[in-house]
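Peer 1: here is a sequence with its predicted model. Questions after.
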Amino acid sequence: MPLPTDLDKLLDRLYSALSSGDLETWAAMHSDDVVFNVNGSTAVSGRTAGKDTVMQELLPLLFTRIKPESARIGINWKCMCAGDNRAAVIFEGVSETLEGEPYNNRYLQILEFGNDGLICEAWEFFDTALAETVLFTPDQSPPPGTTAFEY
């Protein structure tokens, strides 16, 4: 499975959609059975399978705690390396919580592409201590179907 030939354009479209809140475009770039592996012990950590679950259960855990007008997640992206069917991308996010606290984080995603050019699996790493302190509340937990992070 090779990488998409227009990887830079594809990544620009992906992270531009994410940073502008265009989740329809962002979702269309993922396979229906996409799997997200999120590092740490936060409310979004673990292995979540399926685009519907990601869109309806995982992302709301993130975006319901952030002022929508402040969210710019996916800015200043840079593809650090790419080979076979995977690309490692580092990017930043700046936003403000509902309580007015800044939530500015840096992320590393490893994206795996299927033969159709869609993202079929992602591994994400970020400052989980910051997320646990600023973004999430103690009563939040991952979606019911989320399992342990896998490599």
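Peer 2: Good, I have the coordinates.
Peer 1: for R72, grab phi and psi.
Peer 2: phi -140, psi 80 (degrees, to the nearest 10).
Peer 1: what's across from it in the sheet?
Peer 2: V94 (DSSP bridges).
Peer 1: who are the contact partners of it?
Peer 2: Contacts for R72 (C-beta atoms under 8 Å, 6 or more residues apart in numbering) come out as S19, G93, V94, S95. Yep, even glycine has a C-beta here, placed from its N, CA and C like the rest.
Peer 1: Throw together a ChimeraX command that grabs the buried residues out of those residues.
Peer 2: A single ChimeraX command selects the buried members of the contacts of R72 (16 or more other C-beta atoms under 10 Å):
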select :19,93,95
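Peer 1: what two of the contacts of R72 are the furthest from one another?
Peer 2: Across the contacts of R72, no pair lies farther apart than S19 and S95, at 10.2 Å, counting by C-beta to C-beta.
Peer 1: find residues that contact each of these two.
Peer 2: Taking C-beta under 8 Å, 6+ apart as the criterion, S19 and S95 both touch R72, I73.
Peer 1: would you mind measuring from L135 to I66?
Peer 2: 7 Å (C-beta to C-beta, to the nearest Å).
Peer 1: quick one: buried residues of the helix-or-strand element of the chain with minimal mean pLDDT?
Peer 2: Least confident element among the helices and strands of the chain, by mean pLDDT, DSSP states H and E: helix 59-63 (a mean of 90). Counting neighbours by 16+ other C-beta under 10 Å, one finds that the buried residues in helix 59-63 are L59, L61, L62.
Peer 1: as a markdown table, those residues with distance to D12 would be great.
Peer 2: Formatted as a markdown table, those follow (distance: C-beta to C-beta, whole Å):
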| residue | distance to D12 |
| --- | --- |
| L59 | 21 |
| L61 | 26 |
| L62 | 22 |
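Peer 1: tell me which element the residue positioned nearest the centre of the chain falls in.
Peer 2: With distances taken as C-alpha atoms, centre = their mean, the chain has E124 as the residue nearest its mean C-alpha position (6.6 Å). Following DSSP states H and E, the helix or strand that holds E124 is strand 119-126.
Peer 1: downstream of that strand, the next helix or strand is which one?
Peer 2: Assignment by DSSP H and E places the next element after strand 119-126 at helix 128-130.
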